[in-house]
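*Asks:* here are the coordinates; sequence isn't available:
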């Protein structure tokens, strides 16, 4: 198995379909293996790895049903904490976003906003929206490839946190274009989510202003 | 060139004297202790006002210099408690005006990273900064210290201290919880909260207190509280390491004194083949030397503050300072 990426919580391996499933079939698969972390006690370690593996597989398929491109899940192995899934060919949005022409970039961001709205509408919180978790494919789709911190939650608060965290991710990775990108995300979100979108967006802003290191004048409750 | 740095963000009034070569000539701290633990901002500020002169004189004597040898005054501008910050800033301004020496306001969190880079030889670490007031994962990128994760509510030090106080563990809370945790055997499930890159400890603290009231063993609770809080801290730090692909990890702040946390961060660093740095504990805690050293870094790169630019900033963010010296 070829190591594709050593992430923070899991290792990603690239493997051929045939080698994994032992029968006729083509193409490549990605194996996401949640490795044990020696720094934490086994109770926390097992609980986090098991629940995140099971939940992530379910979130992938529910998100796909809601109209968001996600890799197809072929197998969930809760003994070894592995998910075997489709390999999505493309580039991480992280690497393309700043190279795109402004208009294309706005469109991609709007699409991302629409997709966030789609998962939110069916009660899913992504939990870790960053541009490294999104794959931009040749046919212009954006795949959400990591639901490792996702959950089922339909509250305005959780949706607000989701949006707020995406803004924070844009700030730390794409600080040059954060504002224009986030504006486009919100416009897509608004259009797709429909009624109630403004409430979520307002909450996201409030959550940002609640932060520990935000200027007092800008805080929500002065 | 000599810089005198004043630290006063919380309960420590510290004065450090550092040369522009990075030699620490003196680093004197005076900690305000309250009877029940915790900090009363006004009381702490009063304490700082009373001992300010004595601490400065003590630092000068230790360094073997006089005020006439000092070329620059630096002070903690924030983030921190308003009253104590203002006391430190007032002392700094008085010295600056009286001795006609330039003055610079320094970001407290950044100076924690800079003193570690100075003494540990860390070049470009992902820093986990954990103290009674702050919890941040900091890494340098494109001219700024970016925050790759921070607490959304209380700091991890505060979580441990308040838990200790609520369940009747004597002051100082953090170290005593660490002691008790060593005798804990059974893990009691507690809320583990990682929201993307950010952390939250207030729910964890409340639940731990609640579990104590419903009869859970205190040693097991201390153990479980530490394990849960620290696992979340290390996970967020690990994400920053994976994301930035930096080869060094640094742990600093008062909670860096905790041996279990050191062990956990060290294990994580090893898994990523990253070098692991922890400054000596006196330099992890709040002190004046880090302020003096960061002041020197700024001054040598041409940063100047006029007197009316030296207002303190209680919520001074790590990622709003242009890092001209890197």
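*Replies:* In hand now; what should we look at? Quantities reported herein were computed from a predicted structural model and do not represent experimental measurements. Numbers count the residues shown, from 1 in each chain, chains lettered A, B, ... in the order given.
*Asks:* which residues of chain A fall in helices?
*Replies:* A:17-21, A:42-65, A:93-96, A:102-121, A:156-173, A:178-193, A:197-210 (DSSP state H).
*Asks:* the longest one - contacts with which helices or strands?
*Replies:* I take that to be helix A:42-65. strand A:73-77, strand A:82-86, strand A:124-125, helix B:218-244 (3 or more C-beta pairs under 8 Å, 6 or more residues apart in numbering or on different chains; DSSP states H and E). Heads up, the C-betas are built off the backbone N, CA and C, glycines and all.
*Asks:* adding mean pLDDT, write those out as a markdown table.
*Replies:* Formatted as a markdown table, these follow (pLDDT from 0 to 100):
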| stretch | mean pLDDT |
| --- | --- |
| strand A:73-77 | 94 |
| strand A:82-86 | 94 |
| strand A:124-125 | 96 |
| helix B:218-244 | 95 |
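*Asks:* will you turn these into TSV that also has distance to residue B:206 and mean neighbour count?
*Replies:* Listed next are the helices and strands packed on helix A:42-65 as TSV, based on distance: least, C-beta to C-beta, whole Å; neighbours: other C-beta atoms under 10 Å in any protein chain shown:
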stretch	distance to residue B:206	mean neighbour count
strand A:73-77	34	15
strand A:82-86	34	21
strand A:124-125	22	26
helix B:218-244	11	23
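*Asks:* and residue A:178, which of these is closest to it?
*Replies:* Residue A:178 lies closest to helix B:218-244 among those, at 16.4 Å (C-beta to C-beta).
*Asks:* centre of the chain to that closest one, how far?
*Replies:* 18 Å (C-alpha atoms, centre = their mean, to the nearest Å).
*Asks:* how about stretch B:182-202 and chain A, any contact?
*Replies:* Yes. Stretch B:182-202 reaches chain A (C-beta under 8 Å from any C-beta of the partner chain) through B:187, B:189, B:192, B:194-198.
*Asks:* quick one: end-to-end distance for that stretch.
*Replies:* 23 Å (C-alpha to C-alpha, to the nearest Å).
*Asks:* list the contacts of the closest residue to residue A:85 other than its chain neighbours.
*Replies:* Leaving aside its chain neighbours, residue A:85 sits nearest to residue A:71 (4.2 Å; criterion: C-beta to C-beta, 6 or more residues apart in numbering or on different chains). If a contact means C-beta atoms under 8 Å, 6 or more residues apart in numbering or on different chains, then residue A:71 has A:30, A:60, A:85-88, A:143, A:145 as its contacts.
*Asks:* and residue B:139, by the same measure?
*Replies:* Residues counted as contacts of residue B:139 (C-beta under 8 Å, 6+ apart) are B:124-127, B:145-146, B:148, B:240, B:244, B:246.
*Asks:* any of the residues you listed buried? List them.
*Replies:* The neighbour-count test (16 or more other C-beta atoms under 10 Å in any protein chain shown) marks B:125-127, B:145-146, B:148, B:240, B:244, B:246 as buried among the contacts of residue B:139.
*Asks:* now those residues as CSV including secondary structure?
*Replies:* Output for the buried ones among the contacts of residue B:139, formatted as CSV (DSSP: H, G, I helix; E, B strand; the rest coil):
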residue, secondary structure
B:125, coil
B:126, strand
B:127, strand
B:145, strand
B:146, strand
B:148, strand
B:240, helix
B:244, helix
B:246, coil
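*Asks:* and the residues you listed near chain A, which?
*Replies:* Near chain A, by the rule C-beta under 8 Å from any C-beta, you find B:146, B:148 out of the buried ones among the contacts of residue B:139.
*Asks:* name the nearest residue to residue 52, ignoring sequence neighbours.
*Replies:* Assuming you mean chain A. Counting by C-beta to C-beta, 6+ apart, the residue nearest residue A:52 is residue A:148, at 5.5 Å.
*Asks:* please go with chain B instead
*Replies:* Per C-beta to C-beta, 6+ apart, closest to residue B:52 is residue B:91, 4.7 Å.
*Asks:* residue A:127 against residue A:152, yeah?
*Replies:* No. Residue A:127 lies out of contact with residue A:152 (C-beta atoms under 8 Å); the separation is 10.7 Å.
*Asks:* what about those two, which has more around it?
*Replies:* residue A:127 (23 against 13; other C-beta atoms under 10 Å in any protein chain shown).
*Asks:* distance of the more buried one relative to residue B:197?
*Replies:* 11 Å (C-beta to C-beta, to the nearest Å).
*Asks:* quick one: residues contacting residue B:101.
*Replies:* Contact partners of residue B:101, counting by C-beta under 8 Å, 6+ apart, are B:70-73, B:95.
*Asks:* for it, helix, strand, or coil?
*Replies:* coil.
*Asks:* angles on the backbone of it, please.
*Replies:* Note on residue B:101: its backbone torsions stand at phi -120, psi 140 [degrees, to the nearest 10].
*Asks:* now residue B:151
*Replies:* Backbone geometry at residue B:151, expressed as degrees, to the nearest 10, gives phi -80, psi 140.
*Asks:* ditto for the one 3 residues further on
*Replies:* Recorded main-chain torsions at residue B:154 are phi -90, psi 160, according to degrees, to the nearest 10.
*Asks:* isn't it up against residue B:201?
*Replies:* Yes. Look at residue B:154 against residue B:201 with C-beta under 8 Å: they come within range, at 5.2 Å.
*Asks:* those two: who's more crowded?
*Replies:* Counted by other C-beta under 10 Å, residue B:154 and residue B:201 do not tie: residue B:201 has more neighbours, with 28 against 20.
*Asks:* what stretches of chain A score poorly on pLDDT?
*Replies:* Scanning chain A with the threshold set as pLDDT under 70 gives A:22-25, A:211-222.
*Asks:* for residue A:21, see how far away residue B:133 is.
*Replies:* For residue B:133 relative to residue A:21 (C-beta to C-beta), the value is 53 Å.
*Asks:* higher neighbour count, those two?
*Replies:* residue B:133 (22 against 14).
*Asks:* next, that one: phi, psi?
*Replies:* Per degrees, to the nearest 10, the backbone of residue B:133 is at phi -110, psi -20.
*Asks:* does it touch residue B:158 like I think?
*Replies:* Yes. Using C-beta under 8 Å, residue B:133 is in contact with residue B:158, at 7.2 Å.
*Asks:* up against chain B, what does chain A have?
*Replies:* A:6-9, A:37-41, A:43-44, A:47-48, A:127-130, A:132, A:149, A:161, A:165, A:168-169, A:171-172, A:175, A:210-216.
*Asks:* thinking again about what came up before, show me the two of the contacts of residue A:71 that sit farthest apart.
*Replies:* Among those, A:60 and A:87 lie farthest apart (C-beta to C-beta), at 13.7 Å.
*Asks:* hmm, back to that, among the contacts of residue B:101, which two are most distant?
*Replies:* So, these by C-beta to C-beta: farthest apart are B:71 and B:95, at 12.1 Å.
*Asks:* and the closest residue to residue A:57 other than its chain neighbours, how far is that from chain B?
*Replies:* Counting by C-beta to C-beta, 6+ apart, residue A:76 is the residue found nearest to residue A:57 once chain neighbours are left out, at 4.3 Å. Separation of residue A:76 from chain B (C-beta to the nearest C-beta, to the nearest Å) stands at 22 Å.
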